[in-house]
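S.K.: Need a 3D model of the sequence below.
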Amino acid sequence: MNTNALYKSFLNESTFIADNYQKLIRFNNWINYFGFSTIDIDKRIWCLESLLQIVDNQFSIKGCGILKIDPYTNYNWHTDTNRGLTINMLLKEVHSYSLFGFDKDQYNTSFVELKYQPKKFYLFNTQHIHSVVNFQEPRYVFTVEFSKNKQELNYQDVYDWCLNEGLLDE
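M.R.: Numbering: from 1, shown residues only. Here you go, the predicted structure:
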C-alpha cells in the first residue's frame with residue numbers, strides 16, 4: 001500500500017533532539033494536552049535541527065514538544081482537533097504501534113503501521129484517522145505544531161512543497 005498520503009519520512013535525521021531528549025524530559029513540568037502528557041521545547045533547542053529551520057521558514061512553526069504515552073495505553077482512533085499535519089519523531093524505540101485506520105465495516109477497522117526509524121522525522125497526516133498502542137514503558141514522541149490550523153494548512157500542501165524541495169525520502 002502506498003502510504004504517502006498518510007506519512008512520509010524526511011531525508012534529514014535528527015542531529016540534536018534524538019540524542020538529548022532524556023535531558024529535556026527530566027527537567028520539565030509535564031502538562032495534559034489532548035490526553036497526552038506533554039512538555040514544550042524551547043525554539044532555541046528545536047532550531048538546532050536544520051530540517052525544522054527550513055520548514056519553519058516556509059510554514060511557521062508555532063511550537064514543538066514531546067508527547068508521553070504511559071505504559072499499557074491505547075490512544076484511541078481519532079483525527080486531530082486543530083492540526084492539519086505534524087512532524088513527528090519517535091525518541092526511544094519501545095514496544096508500540098502507530099496506526100492509520102480505514103473503516104472496513106461497522107465492526108472493523110483495517111490499518112497500516114508507521115514503523116518509526118531511529119532519528120527520523122516523519123511528515124504525519126493528522127487528519128487521517130490514527131491511533132497509538134503502547135506497551136511496557138513510556139513512549140516519547142517529538143512533535144511539531146504549525147502556526148496555521150487544519151483549515152489553513154494541510155498535509156498535502158506541505159508534502160508537495162517538501163517533495164519539490166527534495167526534503168523527503170524517496
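S.K.: By neighbour count, which bits of stretch 29-37 are buried? Give me those.
M.R.: 36-37 (16 or more other C-beta atoms under 10 Å). To be clear about C-beta, it is placed using only N, CA and C from the backbone, and glycine gets the same treatment.
S.K.: so which strand or helix has residue 65?
M.R.: Here residue 65 sits within strand 61-69, counting by DSSP states H and E.
S.K.: Would you point out the helix or strand in the protein whose mean pLDDT is lowest?
M.R.: strand 31-33 (a mean of 89; mean pLDDT, DSSP states H and E).
S.K.: so how far is that one from its chain's centroid?
M.R.: Averaged C-alpha coordinates place strand 31-33 at 16 Å from its chain's average position (C-alpha atoms, centre = their mean, to the nearest Å).
S.K.: Give the partner strands of it in its sheet and their orientations.
M.R.: For strand 31-33, the paired strands and their directions (DSSP bridges) read strand 36-41 (antiparallel).
S.K.: hang on, the earlier thing: now tell me what touches the least confident helix or strand of the chain from outside.
M.R.: Contact partners of strand 31-33, identified using C-beta atoms under 8 Å, 6 or more residues apart in numbering, comprise 37-39, 65, 67.
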